[in-house]
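# okay, here's the prediction I keep looking at, along with the sequence it came from:
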Amino acid sequence: MSREECMEALSKHANIKPIITSTVWKELEKENREFFEAYTNNREAARESKMERKQRIQKMLSGHLSQTADTDESSCTNTTESDD
């Protein structure tokens, strides 16, 4: 969860003003710099991984749709040829 997501969630569910969450978050970042660097890097890697998975799925789907279209065309051609 990003700082903005955390601020929004705490505001909505716990009625904590975003300025308070932001202030606390900044202080936590100062005190735990290594943790937040690792946390940020992990979030970025997860985001990249998600994008890569999405691209692979899209490739697979477009390949499948292409194969399905080819199969449909050959079925139509075979049906037309057998009607002669």
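Right, received. Where do you want to start? Numbering: from 1, shown residues only.
# just for the chain, where's the confidence low?
Within the chain, the stretches with pLDDT under 70 are 69-84.
# could you point out the longest helix in it?
Secondary structure of the chain per DSSP state H: the longest helix is helix 33-83.
# off-centre distance for that one?
13 Å (C-alpha atoms, centre = their mean, to the nearest Å).
# start the count at 256 instead of 1 going forward.
Done: numbering now begins at 256, and the last item shifts to helix 288-338.
# find the residue at the geometric middle of the chain.
K305 (4.8 Å; C-alpha atoms, centre = their mean).
# apart from its chain neighbours, what residue comes closest to K272?
S266 (6.8 Å; C-beta to C-beta, 6 or more residues apart in numbering). Every C-beta, even on glycine, is put in place using the N, C-alpha and C of the backbone.
# what strand or helix carries the one you found?
helix 258-269 (DSSP states H and E).
# so which elements touch that helix?
If you count contacts as 3 or more C-beta pairs under 8 Å, 6 or more residues apart in numbering; DSSP states H and E, helix 258-269 packs onto helix 273-286.
# can you list contacts of the helix it packs on?
Contact with helix 273-286 is made by R258, C261, M262, E263, L265, S266, F291, as judged by C-beta atoms under 8 Å, 6 or more residues apart in numbering.
# 10 Å - rerun?
Residues outside helix 273-286 that contact it (C-beta atoms under 10 Å, 6 or more residues apart in numbering) are 257-259, 261-266, 269, 271-272, 290-292, 294-295.
# using PDB, write out every CA atom in that helix.
Extracted as PDB, the C-alpha positions of helix 273-286 are listed here (Å, rounded to 0.1, in the frame of the first residue of the first chain):
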ATOM      1  CA  PRO A 273      -4.600  12.700   5.700                       C
ATOM      2  CA  ILE A 274      -2.200  15.300   7.100                       C
ATOM      3  CA  ILE A 275      -1.700  13.200  10.200                       C
ATOM      4  CA  THR A 276      -1.100  10.000   8.300                       C
ATOM      5  CA  SER A 277       1.300  11.900   6.000                       C
ATOM      6  CA  THR A 278       3.200  13.400   8.900                       C
ATOM      7  CA  VAL A 279       3.500  10.000  10.700                       C
ATOM      8  CA  TRP A 280       4.500   8.300   7.400                       C
ATOM      9  CA  LYS A 281       7.300  10.800   6.800                       C
ATOM     10  CA  GLU A 282       8.600  10.400  10.400                       C
ATOM     11  CA  LEU A 283       8.600   6.600  10.000                       C
ATOM     12  CA  GLU A 284      10.500   6.900   6.700                       C
ATOM     13  CA  LYS A 285      13.200   9.000   8.500                       C
ATOM     14  CA  GLU A 286      13.500   6.500  11.400                       C
END
